[in-house]
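Visitor: build the 3D model from these lines:
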Amino acid sequence: MTKKIINTTKAPEPIGPYSQAILAGTTLYVSGQVAFDPESGNLITDSIQNETHRVMKNMEAILIEAGYGFSDIVKCTIFVKDLNNFAAINEVYGSYVGDAKPARETVEVARLPRDVNVEISCIAVK
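Guide: The predicted model follows:
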């Protein structure tokens, strides 16, 4: 099995000792994405909708860099600081994954990196 690090400047650089994604064979493991704007470096947290859009755009940039798309995602994990935001997050998330509807879990956590409100990771397969 081959293992390749995936990195793109169209998504934020990792804030720790990890890669944006790893391609292992035909399976792509995308690290949890938060709402850093890759151009400005600023966090987008003015609304949960805008924050979730930024997270999904970051994920999309990584998927595209690896030659994948949202329809290739088989599993997502969503971490949220407040499950009261679930409906808004779900609406934005759904607009990106469309009919593909990967397997998923959503977990409320006490705290996320940089005190963001949402973090999403995924696994995609070709």
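Visitor: once you drop chain neighbours, what's closest to Asn85?
Guide: Distances taken as C-beta to C-beta, 6 or more residues apart in numbering place Ile48 nearest to Asn85, at 4.5 Å, with adjacent residues excluded. All C-beta atoms are positioned from the backbone trio N, CA, C, and that covers glycine.
Visitor: quick one: residues contacting that neighbour.
Guide: Listed by C-beta atoms under 8 Å, 6 or more residues apart in numbering, the contact set of Ile48 reads 85, 88-89, 117-118.
Visitor: let's go with 6 Å and repeat that
Guide: Residues near Ile48 by C-beta atoms under 6 Å, 6 or more residues apart in numbering: 85, 88, 117.
Visitor: run the chain-centre distance for stretch 39-53.
Guide: From the chain centre to the centre of stretch 39-53 is a distance of 13 Å (C-alpha atoms, centre = their mean, to the nearest Å).
Visitor: ends of that stretch, what's the gap?
Guide: Terminal residues of stretch 39-53 lie 15 Å apart, using C-alpha to C-alpha, to the nearest Å.
Visitor: what comes up buried for that stretch?
Guide: Residues 43-45, 48, 51-53 are the ones in stretch 39-53 that count as buried (16 or more other C-beta atoms under 10 Å).
Visitor: can you check stretch 108-124 too?
Guide: For stretch 108-124, the neighbour count (16+ other C-beta under 10 Å) marks 116-124 as buried.
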